[in-house]
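Novice: Sequence plus the predicted model coming up.
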Amino acid sequence: MKKIKNPWVHKDGYFCFGCAPNNPIGVKMEFYEDGDDIVSIWSPSKYYQGWVNTLHGGIASTLLDEVCGWVVSRKLQTTGVTSKLEVHFHKPIMTTESQIMVRAHLVEMKRNIAFIEAQITNERNEVCTTAKAVYFTFGHDKAVEMGYCGCELEEE
């Protein structure tokens, strides 16, 4: 796996709940490229629980939505917005886990619509949560207008 540079890290006003490293209440995800997949290894904490020792479903959904967004940034080299996110909760994610893996990949493109699948596995590699996302992707000019300047790997 190769670490992906965060292209937004020096942008004024950047406080994304999912990936901004300086958002004090955010989840501070970092991303890696693993073949066709974008991956984030994340450590849950008690601050993101719903029920005792159980990750809140909204936080799990956020993790899945965010990794799908990074598929758009890295694999399609543009930006976009979530049009639809369908989440299925198969088994609880415990906040006592040392780490979980969030993984996503592009399934299909139709014009500027990206279809992406994602999943969260626990430290025993059991699938806990899955998602199907539909992203409306922006053309190059719109992405640049929004401050996008590419999404590269650390050694590129």
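Specialist: In hand now; what should we look at? Numbering: from 1, shown residues only.
Novice: Under a three-state scheme, what state does the residue of the chain most remote from its centre occupy?
Specialist: Of all residues in the chain, residue 52 has its C-alpha farthest from the mean position, at 24.5 Å, by C-alpha atoms, centre = their mean. Of the three states, residue 52 takes coil according to DSSP: H, G, I helix; E, B strand; the rest coil.
Novice: can you offset everything so residue one is 429?
Specialist: Understood, numbering begins at 429; the last thing we discussed is residue 480.
Novice: Grab the nearest non-local neighbour of the spatially most central residue of the chain.
Specialist: Among the residues of the chain, the smallest C-alpha distance to the mean C-alpha position (C-alpha atoms, centre = their mean) belongs to residue 495, namely 1.6 Å. Excluding its sequence neighbours, the residue lying closest to residue 495 (C-beta to C-beta, 6 or more residues apart in numbering) is residue 532, at 4.4 Å. Every residue, glycine included, has its C-beta placed from N, CA and C.
Novice: The one you found touches residue 544, doesn't it?
Specialist: Yes - using C-beta atoms under 8 Å, residue 532 and residue 544 qualify as a contacting pair, with a distance of 5.5 Å.
Novice: so what sits against both of those two?
Specialist: By the contact definition C-beta atoms under 8 Å, 6 or more residues apart in numbering, residue 532 and residue 544 are jointly contacted by 496, 499, 561.
Novice: elements contacting the one helix or strand the first one maps to?
Specialist: If I follow you right, that is residue 496. For residue 496, the element it lies in under DSSP states H and E is helix 485-503. For helix 485-503, the contact count by 3 or more C-beta pairs under 8 Å, 6 or more residues apart in numbering; DSSP states H and E identifies strand 465-470, strand 508-517, strand 528-538, strand 541-549, strand 555-565 as packing neighbours.
Novice: Any buried residues in the first one, and which?
Specialist: If I follow you right, that is strand 465-470. Buried residues in strand 465-470, defined by neighbour count with 16 or more other C-beta atoms under 10 Å: 465-468, 470.
Novice: Could I get the residues you listed in TSV, plus columns for distance to residue 506?
Specialist: Listed next are the buried residues of strand 465-470 as TSV, based on distance: C-beta to C-beta, whole Å:
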residue	distance to residue 506
465	18
466	14
467	20
468	20
470	24
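Novice: any idea which of those is closest to residue 442?
Specialist: residue 468 (17.6 Å; C-beta to C-beta).
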